[in-house]
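Peer 1: this one's sequence-less:
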């Protein structure tokens with residue numbers, strides 16, 4: 001069966017590279033560390049010196065908390081129903097709007113102290129966050145944060161607009177720390193660093209100059225010798241231009257390999273690039289192995305679906321999507337193996 005290897009040494013190296021560039025790095029491990037395993041990754045990063053982690057929901061925070069001794073922030077904030085659970089477990093909410101702030105102020109009154117939180121101000125993304133800085137009496141902000149909408153497009157005018165608006169908050173409110181940059185924001189330069197950068201995809205190898213951290217391997221389970229003009233796969237979307245040899249590998253869209261990669265994706269066998277032919281099926285992909293040396297065309301031959309040769313960035317480009325979607329979609333039908341070099 002296919003195997004998914006996550007290289008913790010690469011993730012740590014990426015963390016250290018980001019830290020050397022931007023200073024204080026908080027690790028974003030929401031969605032089970034983008035599908036790669038939050039517990040293992042957060043533990044490794046804490047051992048490497050990371051002391052702040054972000055998740056999306058309270059349930060993610062509660063699942064992670066027993067495994068690390070660090071600050072855990074929840075991007076989506078709180079509700080009236082779960083504010084006390086945040087407080088009882090020392091989990092820090094990101095407050096995005098007035099109802100969340102009021103719920104946290106009420107919880108602070110009940111607990112008899114100003115409870116820590118982070119306040120999210122909207123500087124232009126218009127997804128979450130206050131339109132202006134609220135009166136936050138009775139709570140204790142550790143950070144004021146905002147989120148960049150276009151950091152992966154460095155020349156987009158909104159980047160500087162968001163930066164300038166965020167600086168106005170910094171000038172006005174002095175006794176609190178600030179956080180603006182995400183992974184792509186770190187690449188925009190030191191003006192965006194402030195007191196904390198929140199990095200996710202860069203840790204997992206999804207940006208230029210970061211070490212690939214994911215290796216996904218499948219196997220050849222059938223080989224076919226086919227004549228010119230043979231059709232391939234569902235819908236007969238591929239037609240062979242010449243006599244060819246194809247192989248079927250045991251992985252498909254149920255494992256997270258996007259159907260958009262049909263007739264576009266590639267994989268590697270012992271360093272040789274081989275293309276997908278036909279549609280990606282639920283459990284299977286057909287590849288063209290005509291050009292491979294004979295000794296590599298065997299049942300059971302390992303196939304690099306993701307790795308150093310074909311990274312999550314390469315796959316994202318071929319699928320016309322982003323590396324975030326690639327790794328968060330990786331299926332659960334194979335066991336994860338964690339590697340420390």
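Peer 2: That came in fine, so what should we check first? The model shown is predicted, which means the values in this text are computed figures rather than measured ones. Numbering: from 1, shown residues only.
Peer 1: now the top strand by length along the chain: mean pLDDT?
Peer 2: The strand spanning the most residues in the chain, taking DSSP state E as the definition, is strand 214-226. Strand 214-226 comes out with an average pLDDT of 98.
Peer 1: so which elements touch it?
Peer 2: On a contact count with 3 or more Cβ pairs under 8 Å, 6 or more residues apart in numbering; DSSP states H and E, strand 214-226 meets strand 3-7, strand 244-249, strand 302-306. All C-beta atoms are positioned from the backbone trio N, CA, C, and that covers glycine.
Peer 1: strand partners of the helix or strand following that strand, parallel vs antiparallel please.
Peer 2: Using DSSP states H and E, the helix or strand that follows strand 214-226 in sequence is strand 231-232. Strand pairing for strand 231-232, determined by DSSP bridges: strand 238-239 (antiparallel).
Peer 1: and the longest strand of the chain, which residues are buried?
Peer 2: Buried residues in strand 214-226, counted by 16 or more other Cβ atoms under 10 Å: 214, 215, 216, 217, 218, 219, 220, 226.
Peer 1: partners of the fifth one in the sheet?
Peer 2: Spelled out, it's residue 218. On the basis of DSSP bridges, residue 218 is bridged to residue 303.
Peer 1: for it, give me its contacts.
Peer 2: For residue 218, the contacting residues are 2, 249, 250, 251, 267, 285, 302, 303, 305, by Cβ atoms under 8 Å, 6 or more residues apart in numbering.
Peer 1: mind checking how far it is from residue 266?
Peer 2: 13 Å (Cβ to Cβ, to the nearest Å).
Peer 1: before we move on, what about the second one?
Peer 2: Residue 215 sits 15 Å away from residue 266, going by Cβ to Cβ.
Peer 1: got the domain boundaries for this structure?
Peer 2: Domain ranges of the chain: 8-199, 214-339, per automatic domain parsing.
Peer 1: any chance of these in a markdown table, plus distance to residue 208?
Peer 2: What follows is the domains of the chain, written out as a markdown table (distance: least, Cβ to Cβ, whole Å):
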| stretch | distance to residue 208 |
| --- | --- |
| domain 8-199 | 8 |
| domain 214-339 | 8 |
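Peer 1: would you map the helices across the stretch 151-300 of the chain?
Peer 2: Per DSSP state H, counting those that start in this stretch, the stretch 151-300 of the chain carries helices over the ranges 157-172, 183-186.
Peer 1: for the last one, name the packing helices and strands.
Peer 2: Under the contact criterion of 3+ Cβ pairs under 8 Å, 6+ apart, helix 183-186 touches helix 8-22, strand 197-199.
Peer 1: how about the buried residues of strand 214-226 in TSV, adding distance to residue 128?
Peer 2: Listed next are those as TSV, based on distance: Cβ to Cβ, whole Å:
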residue	distance to residue 128
214	28
215	34
216	32
217	38
218	38
219	43
220	46
226	52
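Peer 1: circling back to that earlier point, so for residue 115, which of the helices and strands packed on strand 214-226 sits nearest?
Peer 2: strand 3-7 (34.7 Å; Cβ to Cβ).
Peer 1: which residues touch the closest one?
Peer 2: With Cβ under 8 Å, 6+ apart as the criterion, strand 3-7 contacts 36-37, 40-41, 211-217, 330, 334-341.
Peer 1: which strands border that strand, and is each parallel or antiparallel?
Peer 2: Partners of strand 3-7 in its sheet, by DSSP bridges: strand 214-226 (antiparallel), strand 336-339 (parallel).
Peer 1: which of these sits closest to residue 289?
Peer 2: It's strand 214-226; of these, that one is closest to residue 289 (Cβ to Cβ) at 7.4 Å.
Peer 1: quick one: the closest one to chain centroid distance?
Peer 2: Remark: strand 214-226 is offset 27 Å from the chain centroid, using Cα atoms, centre = their mean, to the nearest Å.
Peer 1: so where is the stretch 151-300 of the chain shaky, pLDDT-wise?
Peer 2: Nowhere does the stretch 151-300 of the chain drop to pLDDT under 70.
Peer 1: let's see that with 90 instead.
Peer 2: Across the stretch 151-300 of the chain, the ranges flagged by pLDDT under 90 are 174-175, 208.
Peer 1: circling back to that earlier point, for residue 149, find the nearest of the helices and strands packed on helix 183-186.
Peer 2: The minimum distance between residue 149 and these falls on strand 197-199, with 14.4 Å, by Cβ to Cβ.
Peer 1: pull out the buried residues from the closest one.
Peer 2: For strand 197-199, by 16+ other Cβ under 10 Å, it's 197, 198, 199.
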